[in-house]
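> make a model of this:
(one chain, ligands or ions: 1)
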Amino acid sequence: MADNNQEKKFATKLIHFGSEIDETTGASSVPIYQASTFHHHDIFNPPTHDYSRSGNPTRQALEDYIALLEGGVRGFAFASGMAAISTAFLLFSTGDHIIVTEDVYGGTYRLLTTVLNRLGIESTFVDMTNFDAVKAALQPNTKAVFIETPSNPTLKITDIATIAAWAKENELISLLDNTFMTPYHQRPIELGVDIVLHSATKFLGGHSDVLAGLAVVATESLGKRLKQLQNGLGTVLGAQESWLLMRGMKTLQARMEHSEKSARKLAEWLDSRSDIARVYYPGLKDHPGREIHEKQSKGYGAVVSFDVGDGDRAKAVLNRVTLPLVAVSLGAVESILSYPAMMSHAAMPREVRHERGISDGLLRYSVGLEDIDDLIADLDQALKG
Ligand SMILES: *Cc1c(COP(=O)(O)O)cnc(C)c1O
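As a prediction, the model looks like this:
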C-alpha cells in the first residue's frame, strides 16, 4: 500500500497543492474572491479575512501554493516581481548595507541605486562567482546578501550553499531571485537561503498575460516581518491575477521540461556554429560554473544567450526571425528573443555593459513550447540573412 504521508513528488504537488478543490462546493478550481472586505457575522468573532489588502482567500491559496513548492514556511504574493523585491528590501533600515550580485536584474539595480540609496540603505555590487570578493565586501553594518543565479543575461553561476552558509555565520539575511530557475529546477531554501523571490510574470505565470511577484520565507519570524510590510505597503496581488497565476503554475513542470530540452538543443546548435562568437548556457560543457550549477539545480533552464558578433548583425537577426516574440521578458509558452543592449540593459553605460559581457551583438533567447526544429530553422535563416 502506498504511504499517504510520504512527501509527494514535485509534479504531484503542482496539481494537488491543498486548495485545488473548493471545500464548500467541490469546484475544480480556487474561487476568485472578488471582494475588498468581509462581513463580520459575529462582531466578537471576526472572520479569518477581514480586508483584502490584509488577506484574501484566493491570494492565500496562491501564497500557500508557492510556499509548498519552494519548501518554505510562508509565501507572499505581490503586484509584480519588483513589488516583491522592493517589499523584501524594506526589511532593512537607514544605515544598513547589502551585498548584491553585480549583474543583478536591471530593475533591482535601479531600485537599489535610485530609491533605497536615498533612504540610506547602501549596497555594494560584487561578482558573486568570486567568494573572496563577497567576503571582502562585508562591512560592520552589512545586513544582507542578495543573490541571483544564473544571472542575466550571461548566466553566471553563484554557489548558493556557500554564500548562504557564510551569510548565516555573519548573521546576514540571504535573499535569492529564483526567477530563471523556478522551484522546479532550483529550491534555494533547501540550500540555506532565507528568502526566495520571483518575478512570477515569467516562468511561473508562463503565458505573458499576468504581472506578479512572489516571495517565500524560511522562518516564521521572517514571515511575520514580511507580512507586516506587505500589508503596510499594500503591494499585494489582486484576486484575479492570483487565480490566473495558479492556472499557469499547474503546468510549470510540463512547460519547463519541454523548454529546457529545447534550450539544450538550441545551445548546442549555436555552439557548433563558427559564426557565433560565444554561447552562454549552463548546460554547455565549457560554461564557467557548470559544476556548481549541477550541484544546486535540477536543470539548466530555458534561457540561452549568444553573441552574433556585432550590433548590426544582432539587429538584422531581430528583424528577420519569424517565430519568437521580439520583446522584453522571458519564460512564456511562446519563445521570446530580446536584445539586452537596447532593452533590459539600455540604461547601463556602454563600457560597464561591455565589461559584463553584454556586448552589442548579444541576444537572449527564452525558449518556449514550439517545435525546436522549427525554432532552429527560423534562427538559421535569420542568421544567414
Ligand atoms: C522580470 C524580472 C524581475 C522583475 O519582475 P516584474 O514582474 O517585471 O516586476 C525581477 N527579477 C528577474 C530575474 C526578472 O527577470
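> show me this structure divided up by domain.
Split into domains by the TED database, the chain comes to 10-247, 253-384.
> would you turn those into CSV with mean neighbour count and mean pLDDT?
C-betas here are computed from N, CA, C, even on glycine. Below are the domains of the chain laid out as CSV (neighbours: other C-beta atoms under 10 Å; pLDDT from 0 to 100):
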stretch, mean neighbour count, mean pLDDT
domain 10-247, 19, 97
domain 253-384, 18, 96
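> mind putting the ones you listed into TSV with distance to the ligand?
Listed next are those as TSV, based on distance: least, C-beta to the nearest ligand atom, whole Å:
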stretch	distance to the ligand
domain 10-247	2
domain 253-384	6
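> helix or strand for I43, just tell me which one.
For I43, there is no host helix or strand (DSSP states H and E).
> on the three-state scheme, R264 is what?
helix (DSSP: H, G, I helix; E, B strand; the rest coil).
> the strands in the stretch 151-300 of the chain, which residues?
173-177, 195-199, 213-217, 278-280 (DSSP state E, counting those that start in this stretch).
> which other helices and strands does the second one contact?
In other words, strand 195-199. helix 81-89, strand 173-177, strand 213-217 (3 or more C-beta pairs under 8 Å, 6 or more residues apart in numbering; DSSP states H and E).
> okay, those in CSV with distance to D286 next?
Output for the helices and strands packed on strand 195-199, formatted as CSV (distance: least, C-beta to C-beta, whole Å):
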stretch, distance to D286
helix 81-89, 31
strand 173-177, 25
strand 213-217, 33
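> and those: which comes nearest E370?
Ranking those by proximity to E370 (C-beta to C-beta) places helix 81-89 first, at 24.9 Å.
> point me to the residue sitting closest to the centre of the protein.
Note on the chain: the residue nearest the mean C-alpha position is T179, at 1.2 Å, using C-alpha atoms, centre = their mean.
> now do the contacts for the closest residue to that one other than its chain neighbours.
Among residues not flanking T179 along the chain, S199 sits closest, at 4.6 Å (C-beta to C-beta, 6 or more residues apart in numbering). Shown in contact with S199 (C-beta atoms under 8 Å, 6 or more residues apart in numbering): 80-82, 84, 105, 177, 179, 212-213.
> partner residues bridging S199?
G213 (DSSP bridges).
> contacts for stretch 217-231, please.
Taking C-beta under 8 Å, 6+ apart as the rule, stretch 217-231 contacts 53-54, 72-74, 76, 78, 87-88, 90-91, 173, 189, 193-195, 215, 235-236.
> and stretch 374-385, by the same measure?
Contacts of stretch 374-385 with the rest of the structure, by C-beta under 8 Å, 6+ apart, involve 262, 265-266, 269, 273, 275-276, 308, 313, 316-317, 320-324, 335, 365, 367.
> CA atoms of it as CSV?
The C-alpha trace of stretch 374-385 is given here as CSV (Å, rounded to 0.1, in the frame of the first residue of the first chain):
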residue,chain,number,x,y,z
ASP,A,374,11.2,25.0,-36.4
LEU,A,375,12.8,27.4,-34.0
ILE,A,376,16.3,26.4,-35.2
ALA,A,377,15.3,26.6,-38.9
ASP,A,378,13.9,30.0,-38.2
LEU,A,379,17.0,31.3,-36.4
ASP,A,380,19.2,29.7,-39.1
GLN,A,381,17.6,31.7,-41.9
ALA,A,382,17.8,34.8,-39.7
LEU,A,383,21.5,34.3,-39.1
LYS,A,384,22.2,33.7,-42.8
GLY,A,385,20.4,36.8,-43.8
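> now do the helices in the stretch 51-200 of the chain.
57-70, 81-89, 106-110, 131-136, 160-169, 182-185 (DSSP state H, counting those that start in this stretch).
> nearest to I32, of the helices and strands packed on strand 195-199?
Between those, strand 213-217 lies closest to I32; by C-beta to C-beta that is 18.1 Å.
> need the CA coordinates for that closest one. CSV is fine.
The C-alpha atoms that make up strand 213-217 are tabulated as CSV, following Å, rounded to 0.1, in the frame of the first residue of the first chain:
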residue,chain,number,x,y,z
GLY,A,213,5.7,38.6,-7.8
LEU,A,214,6.2,36.0,-5.1
ALA,A,215,8.3,35.6,-2.0
VAL,A,216,8.8,32.6,0.3
VAL,A,217,10.5,32.8,3.6
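> just want the angle from it to helix 57-70.
With axes from the mean of the first three to the mean of the last three C-alpha atoms, to 10 degrees applied, the angle from strand 213-217 to helix 57-70 works out at 60 degrees.
> distance between strand 213-217 and the chain's centre?
10 Å (C-alpha atoms, centre = their mean, to the nearest Å).
> list the contacts of I21.
Contacts of I21 (C-beta under 8 Å, 6+ apart): 27-28.
> residues contacting R255?
Residues near R255 by C-beta under 8 Å, 6+ apart: 203, 206, 333, 369.
> what's the nearest residue to the second one if we skip its chain neighbours?
Nearest non-adjacent residue to G206, counting by C-beta to C-beta, 6+ apart: G248, 4.4 Å away.
> next: the third one.
Across the structure, with C-beta to C-beta, 6+ apart as the measure, the residue nearest V333 apart from its sequence neighbours is L369 (4.9 Å).
> got it, and the first one?
Nearest residue to F203 in three dimensions, chain neighbours excluded: G331, at 3.7 Å (C-beta to C-beta, 6+ apart).
> pretty sure that neighbour contacts G206?
Yes. Counting by C-beta atoms under 8 Å, G331 does reach G206; the two are 6.4 Å apart.
> give me the number of residues near the residue nearest to G206?
21 (other C-beta atoms under 10 Å).
> distance of it from I147?
25 Å (C-beta to C-beta, to the nearest Å).
> pLDDT at N4, what is it?
Listed pLDDT for N4 reads 61.
> and A77, how far from R364?
27 Å.
> typo on my end, A332
From A332 to R364 the distance is 13 Å (C-beta to C-beta).
> and if you look at D96?
For D96 relative to R364 (C-beta to C-beta), the value is 33 Å.
> what do you get for P288?
17 Å.
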